[in-house]
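The following block contains a protein sequence and its predicted model.
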Amino acid sequence: MVLSNMAVGLVYGQVIARHHAARAPLALGTVAATALLWGTVLLWPSAHAPMWLLIVLCVVLGACGPASMIGFDFARPANPPERIGTASGIVNMGGFTASMTTLLAVGVLLDLSGENFRIAFASVFVLQALGITQILRLRGRAHRRERERVVASRVEAVHVPA
């Protein structure tokens with residue numbers, strides 16, 4: 001998972017540096033791939049999902065870290081310079097709060113369902129649905145705020161001859 005995290009982070013960084021509009025599709029695509037694989041694992045017909053599927057799930061879960069960093073790239077240019085620290089803090093705490101809430105929900109559902117892991121891990125879909133809803137709801141506002149400001153700090157792709 002660490003290797004996929006590093007590899008995907010490098011790829012996402014390069015893609016976003018060259019194509020700024022790719023931020024939302026990358027974030028939404030990562031959530032969709034994660035939901036698809038979680039659903040496949042949870043709905044697998046036998047008692048245990050095969051090892052190859054669990055490995056693929058781990059590789060895709062490794063992409064979630066870099067995808068969550070895209071939130072910082074939305075927050076920085078959409079806020080005035082005096083609020084960048086606050087915006088980054090909200091993005092950072094939002095991710096941690098969501099993760100801890102999901103862990104709590106999985107634990108509570110394990111207790112309530114008699115340790116039915118399929119039911120407990122299905123709570124992940126609630127967080128994913130909330131995240132997708134908020135991305136789709138707020139991305140227009142973020143793009144509009146970006147266009148209203150002259151963003152001197154935007155990272156552009158730099159090509160250095162070898």
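Nice, thanks for sending it over.

drop to CA atoms for contacts and neighbour counts, all remaining ones
Fine.

Next SSE downstream of the lengthiest helix in the chain?
Identified as the longest helix of the chain according to DSSP state H is helix 84-112. Moving toward the C-terminus from helix 84-112, the next helix or strand (DSSP states H and E) is helix 117-121.

What about Leu54, how many residues nearby?
16 (other Cα atoms under 10 Å).

coming back round to it: tell me the mean pLDDT over the longest helix of the chain?
For helix 84-112, the mean per-residue pLDDT is 94.

Report the distance from that helix to the chain centre.
Distance of helix 84-112 from its chain centroid, counting by Cα atoms, centre = their mean, to the nearest Å, is 12 Å.

Same check on stretch 99-113?
With Cα atoms, centre = their mean, you get 20 Å for stretch 99-113.

got it, and stretch 129-140?
From the chain centre to the centre of stretch 129-140 is a distance of 12 Å (Cα atoms, centre = their mean).

Can you list the helices and strands that the longest helix of the chain packs against?
Helix 84-112 sits against helix 64-75, helix 117-121, helix 124-148, with contacts defined as 3 or more Cα pairs under 8 Å, 6 or more residues apart in numbering; DSSP states H and E.

Same list, those helices, but as CSV with mean neighbour count, distance to Trp52 and mean pLDDT please.
Shown next, in CSV, are the helices and strands packed on helix 84-112 (neighbours: other Cα atoms under 10 Å; distance: least, Cα to Cα, whole Å; pLDDT from 0 to 100):
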stretch, mean neighbour count, distance to Trp52, mean pLDDT
helix 64-75, 19, 19, 91
helix 117-121, 18, 19, 95
helix 124-148, 14, 21, 89
